[in-house]
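Novice: this is the structure alone, sequence omitted:
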């Protein structure tokens, strides 16, 4: 059945459906999508192996990068011990006293990884004063040894010990970690030499006894 259509522009004109011409056919084809295929066991094993290989490769690469970074980084500094832990003192024997009552050689050993400064030397007896020859502070390099001349002068025989049984020296030390004052007992040879010097200086009559004012003569009793 053919469709009639009036020309546009004419009164009451409309455009109706156009039927196919002779010799033409319309066909409709429907295509159904195929369902996804499930992986076989072999394919699953291959996929797992590939993931494992990738993970191992990434881990190895990360380890190599860390090794290279550690090799190129500057070496870490050793931890500094306290100065009292790395420093050792030794009595080096008596020295010519000169104007001092007694002089000794104090040897300082530094076994630590860094330098140690000797800031001061003192002692606890009220009747003795201590003077270090040269200058302070003095630096003891790592693994090295220095010797200090320490002079002791008797300032008051009545306050100085008659016999120094365990004489000690207070040494103030400093390194990059801390500053400490440590007491050093230098052993029997130092005690013997110091006692001998004190006796030779103070064993003079009335040197150890403070002088007293003379007493007035007795007046006759009236």
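Specialist: Happy to help now that I have it. Quick caveat, the model's predicted, so the values are computed rather than measured. Residues are numbered from 1 along each chain as shown.

Novice: what sits against the residue nearest to residue 145 when sequence neighbours are not counted?
Specialist: The shortest distance from residue 145 to any non-neighbouring residue, by Cβ to Cβ, 6 or more residues apart in numbering, is to residue 109 (5.1 Å). No exception for glycine: its C-beta is placed from N, CA and C like everyone else's. By Cβ atoms under 8 Å, 6 or more residues apart in numbering, the contact set of residue 109 is 87, 88, 89, 90, 140, 145.

Novice: that's a strand at residue 109, yeah?
Specialist: Yes - per DSSP: H, G, I helix; E, B strand; the rest coil, residue 109 lies within a strand segment.

Novice: who does it form a beta bridge with?
Specialist: On the basis of DSSP bridges, residue 109 is bridged to residue 88, residue 145.

Novice: for the contacts of residue 109, name the two members farthest from one another.
Specialist: With Cβ to Cβ as the measure, no two of these lie farther apart than 90 and 140, at 12.6 Å.

Novice: so for the two, which residue has more residues nearby?
Specialist: Shown here are residue 90 and residue 140; by other Cβ atoms under 10 Å, residue 140 has more neighbours (24 against 16).

Novice: roughly how far does residue 117 sit from residue 189?
Specialist: Separation of residue 117 from residue 189 (Cβ to Cβ, to the nearest Å) stands at 27 Å.

Novice: compare those two and say which is more crowded by neighbours.
Specialist: With neighbours defined as other Cβ under 10 Å, residue 117 and residue 189 compare such that residue 117 has more, 16 against 13.

Novice: buried set for the helix or strand hosting that one?
Specialist: Using DSSP states H and E, residue 117 falls within strand 116-122. Buried positions in strand 116-122, judged by neighbour count with 16 or more other Cβ atoms under 10 Å: 116, 117, 118, 119, 121.

Novice: so, low pLDDT: which residues of the protein?
Specialist: Under the criterion pLDDT under 70, the flagged ranges of the chain are 1-39, 70-71, 73-78, 204-222.

Novice: which stretches of it form strands?
Specialist: Applying DSSP state E to the chain gives strands spanning 87-95, 102-110, 116-122, 128-132, 138-140, 145-154, 168-174, 179-185.

Novice: got these as a markdown table, with distance to residue 42 columns?
Specialist: As requested, these are exported to a markdown table (distance: least, Cβ to Cβ, whole Å):
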| stretch | distance to residue 42 |
| --- | --- |
| strand 87-95 | 73 |
| strand 102-110 | 72 |
| strand 116-122 | 72 |
| strand 128-132 | 88 |
| strand 138-140 | 75 |
| strand 145-154 | 76 |
| strand 168-174 | 74 |
| strand 179-185 | 74 |
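
Novice: how about those, which one is nearest residue 162?
Specialist: strand 145-154 (11.9 Å).

Novice: compute the inter-axis angle for the closest one and strand 102-110.
Specialist: Angle, strand 145-154 to strand 102-110, by axes from the mean of the first three to the mean of the last three Cα atoms, to 10 degrees: 150 degrees.

Novice: which helices and strands does strand 145-154 pack with?
Specialist: The contact analysis (3 or more Cβ pairs under 8 Å, 6 or more residues apart in numbering; DSSP states H and E) places strand 145-154 against strand 102-110, strand 116-122, strand 128-132, strand 138-140, helix 188-202.

Novice: same for the third one, what does it pack against?
Specialist: Looking back up the chat, that one is strand 128-132. strand 116-122, strand 145-154.
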